[in-house]
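S.K.: Just need the structure, nothing else, for what follows:
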Amino acid sequence: MAPDTLPPAATAVFSPAVQPRLTIHGGASVRFERRAGATRLAKLYHHDPMRVLFPNPRTGDIAVATLVTTSGGLVGGDRLDVGLQVGPGAAALITTQAAEKIYRSTGADVRVTTSVSVEPEGWLEWLPQEAILFEGARLRRSTRIDMAPTARLMAGELLVFGRIARGECFTHGLARDAWEVRRDGRLIWADALHLDGDIRSTLDHGACFGGATAYGTILYAAPDASACLDAARGLIGGAIADTPGVLAAATCLDGMLVIRWLGVRAHDVRRAYAGFWAGFRSHVAGLPARLPRLWDV
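M.R.: This next block holds a predicted model:
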């Protein structure tokens, strides 16, 4: 097939010095709406290498969608575009099948763009599993959230700095993770992690990451966010009590809770993070204090 006839999801990258490689441009869009007293799937689109699956929720839980990247990981030049929508009064949890692997790049960036919309009285949990940054990986990830004044959202992300089990540390490459949250069209929070250049010294520095191998953020944006700060801090204490080396803290601003996580062992951070999420969703939404089964694998 000639280069100018390749499908849009597979664009050839040519160089006289290297073997041609195909990059991917995958996408997924899912929308839930409340109909006949229940949350139901209203819109679905996915494009290779992305798929959206719908495992049966556990008894008493809300609708669940699972994003799957069938390529087995992302390489420099790859791109994913994700759209998540919850309509008025609907409630859903959207997660990913497994950790996302970001492989070493020869120079190009992986780009992942997520757009989230939560409409009046809607509830959404955006709970992706961790992204593992291989040595030399280059990731640019952006998440934009648009919320109605009465909408509620829990959203999070986890980054792991290297293949820890192999003794690998993420010392060079790029990690840019940017967030924007808007309520009723007004920007209420913007945040960006940017690691480039001498990444190892930043990860090791006591005023930065203090030797952490994993980093996470959880957001809770809702009209009652400020009233939940004490409960969040109590749950954090319980989540990290049995996980030495994990640090976490919560603060509240403009109707949004922000919880940060750091840890010297990635699996401990994941366990504490998941334990907090399960307890907090129960506290603020009356949902079962548990995560989808995929988080138990």
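
S.K.: Let me see the mean pLDDT of stretch 271-284.
M.R.: In this model, stretch 271-284 carries a mean pLDDT of 98.

S.K.: CA atoms of that stretch as CSV?
M.R.: Taking Å, rounded to 0.1, in the frame of the first residue of the first chain, the C-alpha atoms of stretch 271-284 are listed here in CSV:
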residue,chain,number,x,y,z
ARG,A,271,-3.1,0.1,46.8
ALA,A,272,-3.5,3.2,49.0
TYR,A,273,-4.9,5.2,46.1
ALA,A,274,-7.5,2.5,45.3
GLY,A,275,-8.4,2.1,49.0
PHE,A,276,-9.1,5.8,49.3
TRP,A,277,-11.1,5.9,46.1
ALA,A,278,-13.3,3.1,47.3
GLY,A,279,-14.0,4.6,50.7
PHE,A,280,-14.5,8.2,49.3
ARG,A,281,-17.0,7.2,46.6
SER,A,282,-19.0,5.5,49.4
HIS,A,283,-18.9,8.6,51.6
VAL,A,284,-19.9,11.2,49.0
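
S.K.: show me what contacts residue 291?
M.R.: 95, 127, 274, 277-278 (CB atoms under 8 Å, 6 or more residues apart in numbering). Where you see a C-beta, it was placed from the backbone N, CA and C, and this is true even at glycine.

S.K.: swap the cut-off to 6 Å and go again
M.R.: When contacts are counted by CB atoms under 6 Å, 6 or more residues apart in numbering, residue 291 is found next to 274, 278.

S.K.: now it: how far from residue 233?
M.R.: 21 Å (CB to CB, to the nearest Å).

S.K.: try residue 149
M.R.: 26 Å.

S.K.: Show me which of the two is the more surrounded one.
M.R.: Under the criterion of other CB atoms under 10 Å, the comparison of residue 149 against residue 233 puts residue 233 first, with 15 against 10.

S.K.: Surely that one is in a helix?
M.R.: Yes - secondary structure of residue 233 (DSSP: H, G, I helix; E, B strand; the rest coil): part of a helix.

S.K.: Pull the contacting residues for the closest residue in space to it that isn't next to it in sequence.
M.R.: Leaving out its chain neighbours, the residue that sits closest to residue 233 by CB to CB, 6 or more residues apart in numbering is residue 250, at 5.4 Å. Contacts for residue 250 (CB under 6 Å, 6+ apart) come out as 232-233, 257, 259.

S.K.: among those residues, which two are most distant?
M.R.: 233 and 257 (9.9 Å; CB to CB).

S.K.: now residue 277, what's its secondary structure?
M.R.: helix.

S.K.: From residue 255, how far off is it?
M.R.: 20 Å.

S.K.: of the two, who's got more company?
M.R.: The neighbour comparison of residue 277 against residue 255 (other CB under 10 Å) goes to residue 277, with 22 against 18.

S.K.: re the thing from before, mind checking which helix or strand the residue nearest to residue 233 is in?
M.R.: Secondary structure assignment for residue 250, by DSSP states H and E: strand 246-253.

S.K.: hmm, which helix or strand of the protein has the shakiest average pLDDT?
M.R.: None of the helices or strands of the chain scores lower by mean pLDDT, DSSP states H and E than strand 10-15, at a mean of 46.

S.K.: got any ranges where the chain has weak pLDDT?
M.R.: Filtered on pLDDT under 70, the chain yields the residue ranges 1-21.

S.K.: quick check: longest strand of it.
M.R.: strand 18-35 (DSSP state E).

S.K.: okay, that one in CSV with CA atoms only?
M.R.: Extracted as CSV, the C-alpha positions of strand 18-35 are listed here (Å, rounded to 0.1, in the frame of the first residue of the first chain):
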residue,chain,number,x,y,z
VAL,A,18,15.4,3.6,10.1
GLN,A,19,12.9,1.0,9.1
PRO,A,20,9.5,2.6,8.4
ARG,A,21,7.1,2.3,11.4
LEU,A,22,3.4,2.8,11.6
THR,A,23,2.0,5.2,14.1
ILE,A,24,-1.5,4.9,15.5
HIS,A,25,-4.3,7.4,16.0
GLY,A,26,-7.0,5.8,18.0
GLY,A,27,-10.1,7.2,19.5
ALA,A,28,-13.0,6.4,21.7
SER,A,29,-16.2,8.3,22.6
VAL,A,30,-18.9,7.2,25.0
ARG,A,31,-22.0,8.9,26.4
PHE,A,32,-24.4,7.8,29.1
GLU,A,33,-27.9,9.2,29.6
ARG,A,34,-30.7,8.6,32.1
ARG,A,35,-33.7,7.0,30.5
